[in-house]
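Engineer: after the sequence you'll find the predicted model.
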Amino acid sequence: MLHVIIMAGGVGARFWPRSRRSAPKQLLDFFGEGTLIEDTVRRARRLTSIECIWIVTNPSLKEAIQRALPDFADDRFILEPQGKNTAPAIGLSAIHLARHDPDSTMVVLPADHRIPDLDAFETAIHAAAEVVCGREMLATVGIHPTRPETGYGYIQIDSTAPPIAPNVFRVKTFAEKPNLHTAQLFLDSGDFLWNSGMFIWRVPTILEQIAEFLPDLHSGLMEIAASWTKPKSSEVVQRVYRSLKVISIDYGVMEKARNVCVIKGDFGWSDVGSWEEVWRLSPKDEKGNALRGNHLAIHSENNLVDARDKFYALLGVRDLVIVETEDAVLICPREKSQEVRTIVEELERRHNANHS
């Protein structure tokens, strides 16, 4: 059976001031098409039944997600006591699935992607699932790069090995987010794909790989799993999970594992990672302005305005991001939109709870 795990525990600090701890990125509607997590659940339902879709998040976000997804069953939430990055979250999800469906195939989807071509997405995921079911492999989805993007990690295809299946290749290496020069080299080589953060594998396979490469994490997961049938299980989960190391699945497992493959995804993917990306994906006027709300733009080009109540008049400006909420306004160059998280970090440093 194929199960989908939707990762929905992040904050999305680069989308301040709209993204807050109580309303993170996955709960926002950037394009008038519904929230990102609603879109993700709709995609997941193309892959499997609603009973096999799970959301992993933290307790503080569960209620907000339930408001966005009122028909989503309460027992399909997997709650992390504390955010520990993707490896512990995926491990916790894997032992949940091992309890319910031990030999199942697990698809991991971030809750904050935008994917317009749903047919191509469904075809790619099912093709990857077929590969991992026939082999003890870990699969990830790579996206053909269209520009030298510095905000994404990259996956290098092993061009010396024959394809495993149509559009499925062995992975040579993973690369962290590069500088612009290196990103251009990756693009020119033709061997590199954007790392989408989507994964497909059998539950026993990922648990075996965690045991090999992250033995402390595996030991903690086994202690949690053993506690589920015992009194005070929640106390064990809290204690053990809080002791786990913060580490990503890419760094902890995927970069070290030997049997890793990538399927090329060509379905209009974006991880909606910054206000720059929102501008790129939004409809624009003849001057390249993406304007939402009450506004007037004169002699202004390539701006993003996300306004709510106030009237915004732009005169002779270009390449700006302007975002208004009830209690804050962000103004920055589009090229600096990846750095918006530094505002959140500074506000947290100042203990400004109202704005962080």
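Structural biologist: Now that the structure is in, tell me what you want to look at.
Engineer: contact partners of stretch 75-86?
Structural biologist: 5, 7, 9-10, 51, 53-59, 62, 65, 88-89, 92-93, 96, 197, 237-238, 241-242, 244-250 (C-beta atoms under 8 Å, 6 or more residues apart in numbering). C-beta coordinates here come from the backbone N, C-alpha and C atoms, glycine included.
Engineer: mind running it again at 6 Å?
Structural biologist: 9, 54-56, 58-59, 62, 89, 93, 96, 238, 241-242, 244, 246-249 (C-beta atoms under 6 Å, 6 or more residues apart in numbering).
Engineer: list only buried entries from the residues you listed.
Structural biologist: Neighbour-count burial (16 or more other C-beta atoms under 10 Å) is assigned, among these, to 9, 54-56, 58, 89, 93, 96, 241, 244, 247-249.
Engineer: could you pull out the strands for the stretch 151-300 of the chain?
Structural biologist: Along the stretch 151-300 of the chain, the segments classed as strands by DSSP state E, counting those that start in this stretch run 154-157, 168-175, 192-202, 260-265, 290-292, 295-298.
Engineer: quick one on the thing from earlier: and the buried ones among the contacts of stretch 75-86, which is closest to P163?
Structural biologist: Within the buried ones among the contacts of stretch 75-86, the smallest distance to P163 is 24.1 Å, found for I249 (C-beta to C-beta).
Engineer: dihedrals phi and psi, V107?
Structural biologist: phi -110, psi 120 (degrees, to the nearest 10).
Engineer: follow-up on the earlier one: now distance to R147 and mean neighbour count too, for the strands of the stretch 151-300 of the chain, in TSV please.
Structural biologist: Below are the strands of the stretch 151-300 of the chain laid out as TSV (distance: least, C-beta to C-beta, whole Å; neighbours: other C-beta atoms under 10 Å):
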stretch	distance to R147	mean neighbour count
strand 154-157	13	22
strand 168-175	16	18
strand 192-202	10	25
strand 260-265	16	24
strand 290-292	18	20
strand 295-298	25	14
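Engineer: tabulate those (a markdown table), appending distance to P110 and mean pLDDT.
Structural biologist: As requested, the strands of the stretch 151-300 of the chain are arranged in a markdown table below (distance: least, C-beta to C-beta, whole Å; pLDDT from 0 to 100):
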| stretch | distance to P110 | mean pLDDT |
| --- | --- | --- |
| strand 154-157 | 16 | 96 |
| strand 168-175 | 17 | 95 |
| strand 192-202 | 5 | 96 |
| strand 260-265 | 13 | 95 |
| strand 290-292 | 23 | 92 |
| strand 295-298 | 31 | 92 |
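Engineer: so which of the ones you listed gets nearest M222?
Structural biologist: Of the strands of the stretch 151-300 of the chain, the one closest to M222 (C-beta to C-beta) turns out to be strand 192-202, at 17.9 Å.
Engineer: now for that closest one, which elements pack on it?
Structural biologist: strand 105-110, helix 118-134, strand 138-143, strand 154-157 (3 or more C-beta pairs under 6 Å, 6 or more residues apart in numbering; DSSP states H and E).
Engineer: and it, which strands flank it?
Structural biologist: strand 105-110 (antiparallel), strand 138-143 (antiparallel), strand 154-157 (antiparallel) (DSSP bridges).
Engineer: run through who's touching the second one.
Structural biologist: When contacts are taken as C-beta under 6 Å, 6+ apart, the neighbours of strand 138-143 outside the stretch itself are 128, 132, 155, 193-194, 196, 198-201, 257, 260-265, 269.
Engineer: try 8 Å
Structural biologist: 124-125, 128-129, 131-132, 155, 157, 168, 171, 193-196, 198-201, 205-206, 209, 253-254, 257, 259-266, 269.
Engineer: let's test this: mean pLDDT of it, rounded?
Structural biologist: Average pLDDT, strand 138-143: 96.
Engineer: off-centre distance for it?
Structural biologist: Computed by C-alpha atoms, centre = their mean, to the nearest Å, the separation of strand 138-143 from the middle of its chain amounts to 13 Å.
Engineer: how about the CA coordinates for stretch 153-169, as PDB?
Structural biologist: Backbone C-alpha positions of stretch 153-169 (Å, rounded to 0.1, in the frame of the first residue of the first chain) are rendered in PDB as follows:
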ATOM      1  CA  GLY A 153      20.000  22.200  -3.400                       C
ATOM      2  CA  TYR A 154      21.100  20.100  -6.400                       C
ATOM      3  CA  ILE A 155      21.300  16.400  -7.300                       C
ATOM      4  CA  GLN A 156      23.900  15.100  -9.800                       C
ATOM      5  CA  ILE A 157      22.900  12.200 -12.000                       C
ATOM      6  CA  ASP A 158      25.500   9.400 -12.500                       C
ATOM      7  CA  SER A 159      25.800   9.700 -16.300                       C
ATOM      8  CA  THR A 160      28.200   6.700 -16.400                       C
ATOM      9  CA  ALA A 161      25.400   4.300 -15.200                       C
ATOM     10  CA  PRO A 162      22.500   3.200 -17.400                       C
ATOM     11  CA  PRO A 163      19.000   4.400 -16.400                       C
ATOM     12  CA  ILE A 164      17.300   2.100 -13.900                       C
ATOM     13  CA  ALA A 165      13.900   2.700 -15.600                       C
ATOM     14  CA  PRO A 166      12.600   5.400 -18.000                       C
ATOM     15  CA  ASN A 167      13.500   8.800 -16.500                       C
ATOM     16  CA  VAL A 168      15.000   7.200 -13.400                       C
ATOM     17  CA  PHE A 169      18.700   7.400 -12.800                       C
END
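Engineer: I'm done for today, thanks for sticking with me.
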